[in-house]
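Trainee: coords please:
(3 chains)
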Amino acid sequence: MLKTEELQINIGPQHPSTHGVFRLMATVDGETVVHLEPVFGYLHRNHEQLGEIWTYLQTITITDRLDYFNSMINEHGYCMTVEKLAGIEVPERAEYIRVIMSELSRILNHAAALGFWLQDMGSWGTTLMFGFRQREMIMDIFESVGGSRMMCNYMRFGGAARDITPNIVEQIQLFLEGFPQFIDDFERLMMDNEILLARSRNVGVLPKELAASYSVSGPVIRASGIPYDIRKAEPYSIYDRFTFDIPVGTVGDVYDRFLVRMEEMRQSHRILQQALEQLPQASGSYINQAYKAASKQQGLRPPAGEAYCRVESPKGELGYYIVSNGGNTAYRYGIRAPSLINLTALNDMCRGYKVADIVVILGSIDIVMGEVDR
Amino acid sequence: MTATPEQQTTTQTALRPVGGGGVVVVERKQPRQSYGQGIAKGMGVVIRHFAKSFTTRIDDKSDQVGMFTVEYPEERMELPEAYRNMPILLYDDKTGQELCTSCFQCERICPPKVIHITQAKDPNTGKPVPAAEEFVIEYDSCMSCGLCHEVCPFDAIKMDHFFELSTHDHLSMDRNKAVLDRPISYYQAIAPNLWAAVEANAMKKLQNNIKRRPGNIGVAPHMIGKAQKALPTAGAGGARPAAGARTAAPVAAMGKNMPPEKVERLKSIRAANAAKRGGAVPSAEETLLAASAYTSATASPESGLHTAESDAGLAPSPATTPAPATGPVAAVGQNMAEDKKARLEAIRAAKRAQRGDE
Amino acid sequence: MPLLNKGELRALLERELPGALDRAKPTNPYGAAEATHHLEVVDTASDTMGDTSPPPATSEAAAERQAEVVDKEEPSVPPLSDDDAVVRAERILDVALFLRDQFGYNFLSRVTPVDYPAYGIIEVVYHFYRIEGGPGQVVRVRVPRDNAVIPSITPIWPGANLEERVCYDLFGVHFPGHPYHKRIYMWDEFEGHPMRKDFEKIGDSYYHFKWKGEGGEE
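Mentor: As a prediction, this is how the structure comes out:
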């Protein structure tokens, strides 16, 4: 019998398909992965400590830089936590604005993530550009409301930085009008593709039982068949007012994650339609008037205590844990980064598959290094 | 992908019935028997988009098929009013008085701490005056978060729309007051609605502050000597852009590879515009002179102030001709003319009708 | 499985898992009000432990530290929360399993360390949730700063793997039993734990701007 020897190979940190500066130490037996050890820290900037040095308002600007694909949801979660800590009420209209921005952000993220994932499989940019075009339209909306395309810095404690004008509502409506055609095109583009099916079906399987104990969340846990979505499990903001479904998979492989993301975009579209319908009836202003002035937000001193809030980010469960000592900076500012914790299962998902499958599985987890290393 | 909810929705008892909706199990496709069909189907989409890109131009944002390329830098997309790039300081067009009173609010709120202010002092009495003696922003470490313009109680610091800032060195990115100053009319041109919302308040506060500023303190450096003594009044902030005409945000700098006749045309249009605007606009040379005290020592000719184009003799860059030009550089989507708007509406209505028929 | 209310877990643990609760309440020995008490035992009746409590500081050390505190004008320290179950470090695995198997809290959301130099402890907060939904449970472990050791729960809860490595890397909490007990963000040769409050901050050397006369270039 042929004697084989295990070999350790290094993937990354400078590698186009590791989605940033991410390094993997793979132990392989021939082409088969035996063990996988992710190595982190190439983008570490001690974000949590920065949150302890900067005031609460200033920290909003760096939550954008956590997961730079969905800055709006990062801000949403952070503002919710500080509001809980300080007991700030959010007017109804502001909640609608936040939900609209969050769901747009989810579509943006999934469109780009699926595009990147297909690119990892070798489709050389075609699907990526389809996804990016949609992302571009959403970023135009973000630019109109927040002023910046990616680092929106739009949410404030008690609401949002400025109101959305009828012009912007029309812009969002135009986007929603075109969205069904986009998702149909996107689906037709890759759903039946034999290469996609061959490379994703029954690859990187994460069984249901393992998924929960690994604390993975977001599309990864839903693809494994567990309908765990914070928007339903512990509804925050005004998500209990909308009708939407949670897509779940059955096998828990890469293909299921892809299907779940496609369906989630459709569900986000449903939520957006309902939110835009209900927006004109929403009472209140775009921000809690007592905290409207930026200088008031800057001098915010929540009473001593702690708060932990979770939101459903496109990557998974995003949590903020803040301990306040009554000062104008947080005593402790901790983040549950979904991208990081979803990577815990990477080793188990990759074991037994080929080296070329690693990038496909990694792409299906959808990580952003800004959040993993923070 | 998914079947209808009636067929596949399984509401789990464990999940609390919140809002509406339940759990949808996504439908997995089986690979086809004859290989190549799926790829052909995907290629069909690509080919359709490709072919349409030659014939159709996207006007309506809900369109999915067609050409949507904007040929930067000749064409530019219209920037939304709320767009923010780097902070600038405003001064009154007529008197040259800056709106900044050096209250240090922006310096305090700035997350990366790149704003540095010193307060002006009355040379006779030594008492502080509500004006900034020097105001420096490190553009290279600015994160464009916009908190400074949000917190400013005097609406003196605003976010610019000019984004072509690349230089070779860090030092020239320390921008001082002479380089940061822009007339109010410039800001009015790039963000008419935002300025209209704060104008009355800002001008009132400015009038109060001018009374407490002796001599030339608080006057924008290049306006010293030609400042009018009259107090500004709200609404008289200088050359107002024509009502209704949404002027393009920073004027497209003329590229070197433009055809010469186009450059000539642009130049003439700009000259005409400048003449129309009158004397409220500092010329490039004046701004340069005022700024040279700060950067002449170290900055190389093409670095320093972002006026490389003006040195080349083509045209003053947006930084030095802050006033707007009413869209001479024809750009699709830049100036949404009325007729185009109407046409868009017609297209949309037709589409809606079409959908209704189906 | 019944949902637990906020204070309920504490009473339950007392009944079901005797000796799991940490009753030592660390006080701020440098605070003005409670300068004399270093270790305050809340309930003396059933107290049989206390071995993992922070060591009482001597009075001289306290005086020294107080002087330092006054000099530096450190911000006030948040009070320690005592609503939730505070568990002795060596029993955390039992409690976590108890929560999961008896009450269905099967999703570990986060392991968050918080450094309290004023109390001399590091508090590690575990957030457990249910995958079916609903509010979660908080379990806390308080370990002394100079001897921060908590048994790893990674063998039972693989989801804690990377979180515990972050705790170790940035806060210096040791987790014996962890399968890969190494630094995660900082390089292996790095000394110290940067998220501790007393870690010396080097500052940002990038900002180059200086006014004239301060060594500025112009």
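Trainee: phi, psi for the residue in chain C that chain B sits nearest to please.
Mentor: Residue of chain C nearest chain B, by C-beta to the nearest C-beta: residue C:132 (4.1 Å). Where C-beta positions appear, they are placed from N, C-alpha and C, glycine not excepted. When read as degrees, to the nearest 10, the backbone of residue C:132 gives phi -80, psi -10.
Trainee: and it, how many neighbours does it have?
Mentor: 20 (other C-beta atoms under 10 Å in any protein chain shown).
Trainee: what parts of the stretch 101-250 of chain B come near chain A?
Mentor: B:105, B:108-109, B:111, B:143-147, B:150-151, B:153, B:159 (C-beta under 8 Å from any C-beta of the partner chain).
Trainee: check contacts around the residue in the stretch 101-250 of chain A that chain C sits nearest to.
Mentor: As assessed by C-beta to the nearest C-beta, chain C sits closest to residue A:215 within the stretch 101-250 of chain A, at 2.6 Å. By C-beta atoms under 8 Å, 6 or more residues apart in numbering or on different chains, the residues touching residue A:215 are A:341, A:344, C:107-109, C:157-160.
Trainee: hmm, which two among these are most spread apart?
Mentor: Maximum pairwise distance in the contacts of residue A:215, criterion C-beta to C-beta, is 14.2 Å, between C:109 and C:158.
Trainee: before we move on, the earlier item: hmm, residue A:233 and the residue of chain C closest to chain B touching each other?
Mentor: Yes: with contact defined as C-beta atoms under 8 Å, residue C:132 reaches residue A:233; the gap is 7.2 Å.
Trainee: now render the residues of the stretch 101-250 of chain B next to chain A as CSV, adding neighbour count and distance to residue A:36.
Mentor: As requested, those are exported to CSV (neighbours: other C-beta atoms under 10 Å in any protein chain shown; distance: C-beta to C-beta, whole Å):
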residue, neighbour count, distance to residue A:36
B:105, 23, 51
B:108, 15, 47
B:109, 23, 45
B:111, 21, 37
B:143, 17, 36
B:144, 19, 38
B:145, 26, 38
B:146, 26, 42
B:147, 24, 42
B:150, 24, 46
B:151, 21, 48
B:153, 15, 55
B:159, 23, 45
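Trainee: can you pull out the strands in chain B?
Mentor: Applying DSSP state E to chain B gives strands spanning B:23-25, B:87-91, B:115-121, B:128-138, B:157-159, B:174-175, B:181-183.
Trainee: list the buried residues of the fourth one.
Mentor: Residues of strand B:128-138 classed as buried by neighbour count (16 or more other C-beta atoms under 10 Å in any protein chain shown): B:129-132, B:134-138.
Trainee: these: which ones sit near chain C?
Mentor: Answer for these near chain C (C-beta under 8 Å from any C-beta): B:136, B:138.
Trainee: so which of the buried residues of strand B:128-138 is the closest to residue A:280?
Mentor: Distances from residue A:280 to those, taken by C-beta to C-beta, are shortest for residue B:137, at 40.4 Å.
Trainee: shouldn't the closest one be in contact with residue B:181?
Mentor: No: using C-beta under 8 Å, residue B:137 is not in contact with residue B:181; the gap is 11.8 Å.
Trainee: circling back to that earlier point, now distance to residue A:300 and mean pLDDT too, for the strands of chain B, in JSON lines please.
Mentor: Converted to JSON lines, these look like this (distance: least, C-beta to C-beta, whole Å; pLDDT from 0 to 100):
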{"stretch": "strand B:23-25", "distance to residue A:300": "39", "mean pLDDT": "82"}
{"stretch": "strand B:87-91", "distance to residue A:300": "23", "mean pLDDT": "89"}
{"stretch": "strand B:115-121", "distance to residue A:300": "21", "mean pLDDT": "86"}
{"stretch": "strand B:128-138", "distance to residue A:300": "25", "mean pLDDT": "84"}
{"stretch": "strand B:157-159", "distance to residue A:300": "21", "mean pLDDT": "89"}
{"stretch": "strand B:174-175", "distance to residue A:300": "30", "mean pLDDT": "82"}
{"stretch": "strand B:181-183", "distance to residue A:300": "32", "mean pLDDT": "86"}
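Trainee: nearest to residue A:178, out of those strands?
Mentor: Taking C-beta to C-beta, strand B:23-25 is the member of these nearest to residue A:178, at 23.4 Å.
Trainee: now residue A:105: how far from residue A:98?
Mentor: Using C-beta to C-beta, to the nearest Å, one gets 10 Å for the distance from residue A:105 to residue A:98.
Trainee: mutual contacts of those two, please.
Mentor: Once C-beta under 8 Å, 6+ apart is applied, the residues that residue A:105 and residue A:98 both contact turn out to be residue A:72.
Trainee: now do the strands in chain C.
Mentor: C:24-26, C:39-41, C:85-87, C:107-116, C:121-129, C:137-144.
Trainee: same list (those) but as JSON lines, adding mean pLDDT.
Mentor: As requested, the strands of chain C are arranged in JSON lines below (pLDDT from 0 to 100):
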{"stretch": "strand C:24-26", "mean pLDDT": "69"}
{"stretch": "strand C:39-41", "mean pLDDT": "38"}
{"stretch": "strand C:85-87", "mean pLDDT": "83"}
{"stretch": "strand C:107-116", "mean pLDDT": "88"}
{"stretch": "strand C:121-129", "mean pLDDT": "89"}
{"stretch": "strand C:137-144", "mean pLDDT": "87"}
